[in-house]
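> need a structure here:
(chains A and B)
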Amino acid sequence: MVLFEDLNEMQLDALKEIGNIGAGNAATALSKMVGKRVNMEVPLVRILPLKDVPEWLGGPEKEVLGVYLSVFGALAGHILFVMTIDDALKIMRILLGDMAPSRDQILSMDELASSAMGEIGNILSSSYLSALADFTGLHLNHSVPAIAVDMAGAIVDVVLIEISQHSDYALLIETVFVEEEDRITGYFMLIPDTGSLEIILQALGVV
Amino acid sequence: MARKIAVGMAEYRVSNDPEDVLCVLGLGSCVGVCLYDPVRRIGGMAHVLLPEHLPGQSNPFKFADTAVPALLAEVEKAGASRRNILAKISGGAKMFSGADTLFDIGKRNAEAVREALKVLGIPLKGEDIGGNRGRSIFFYLEDGRLEIKILGRDVMVI
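Numbers count the residues shown, from 1 in each chain, chains lettered A, B, ... in the order given. Below is the predicted model:
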């Protein structure tokens, strides 16, 4: 069985390439959504233990938006897309101007806030997922995205429980999107179930 | 000076220093189990992930059914007296609304913890369980109070 922590340089590069294309798709999707040009910086792609993710996001009590999807079809796994509430607020303001929900509305997840956050989360997470599908040529399905606004630790703990029989590592793609003065960081995590990383590597021809 | 001691996932901490505060920051579907001897002011906290022990797993603190007796043994080893020990529990949220039943693991975790306490005859003195919000919990060994913080709400004490 191939594990994230055992990957060689060539395999990591192939995964990074998926990360780059996914981030590019996400920037394009954001541009379309806000009707303005959104650029991105070169994404950082890392393999890290999931338990270290909350620290990476700014600490276990950091307020974040989390979008979770389970992936099935040619491979099985989990996707978690996270951004801080501050960055989600920036997107809302770009997108909705004065109509944007307030921080309090977001934290209490009222109807406007949760539908707007859900939409952003869906569009961004499916951008990365379609890069994975296109690049590997694998046919992938995913569940309806589930949204949560809460502390980073609490959001990651649920996913950790889900995957605790499979893997403790995630492929993390950190992308900074730039729109004029605003910088927005998105964290996309892919956690394949047992055996699914091999399927990805095989499809990429780097086993 | 009160000392805050974080209890990581599938870990436990025990202390006989009444100044200590045992805590979990950002608790989702996991459950924080606190055992306390109010007479000797000795306590411990376990941070459990799953309801039932899985074969081949060596860490008892990961699972509710094995974590409760293991934590009891540790607090007794630290000097707590069995007949004084009481419990408080918190966590077990369903974080992602709209997701499938897999995510109801929080509820199952809480039920498994309650059952394990019952089997051992440990009185459950307080609980704040379920809902769809994450929590940070702080267990004060000076008086056994458990403070619970939820984003955008007032701190609750049980």
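> show me the contacts for the residue of chain A found nearest chain B.
Nearest residue of chain A to chain B: residue A:153, at 1.9 Å (C-beta to the nearest C-beta). C-beta here means a position set from N, CA and C on the backbone, and glycine is covered the same way. By C-beta atoms under 8 Å, 6 or more residues apart in numbering or on different chains, residue A:153 lies in contact with A:54, A:60-61, B:24-28, B:134, B:136.
> Quick one: list the elements packing against the helix or strand bottoming out on mean pLDDT in chain A.
Lowest on mean pLDDT, DSSP states H and E among the helices and strands of chain A sits helix A:103-107, with a mean of 81. Packed against helix A:103-107, as judged by 3 or more C-beta pairs under 8 Å, 6 or more residues apart in numbering or on different chains; DSSP states H and E, are the following elements: helix A:85-96, helix A:111-136.
> just the angle between the last one and helix A:85-96, please?
Spelled out, it's helix A:111-136. Angle, helix A:111-136 to helix A:85-96, by axes from the mean of the first three to the mean of the last three C-alpha atoms, to 10 degrees: 100 degrees.
> chain center to helix A:111-136: distance?
Its chain's C-alpha centre and that of helix A:111-136 lie 8 Å apart, by C-alpha atoms, centre = their mean, to the nearest Å.
> Does chain B have contacts with that helix?
No - using C-beta under 8 Å from any C-beta of the partner chain, helix A:111-136 stays clear of chain B, with a minimum separation of 8.6 Å.
> Which residue is the nearest non-sequential neighbour of residue 104?
All of this is about chain A. Distances taken as C-beta to C-beta, 6 or more residues apart in numbering or on different chains put residue B:152 closest to residue A:104, at 6.9 Å, once the chain neighbours are dropped.
> My question was about chain B, not that one.
Going by C-beta to C-beta, 6+ apart, residue B:104 has residue B:94 as its nearest residue, at 6.0 Å.
> Name all residues that make contact with that neighbour.
Applying C-beta under 8 Å, 6+ apart to residue B:94 gives the contacts B:29, B:103-104, B:106-107, B:130-132.
> Just give the closest residue to residue B:127, not the sequence neighbours.
Closest to residue B:127 by C-beta to C-beta, 6+ apart is residue B:89, at 4.8 Å.
> got the residues of chain A near chain B?
A:51, A:54, A:59-61, A:63, A:66, A:68, A:70, A:104, A:107-108, A:143-144, A:146-158, A:160-162, A:164-165.
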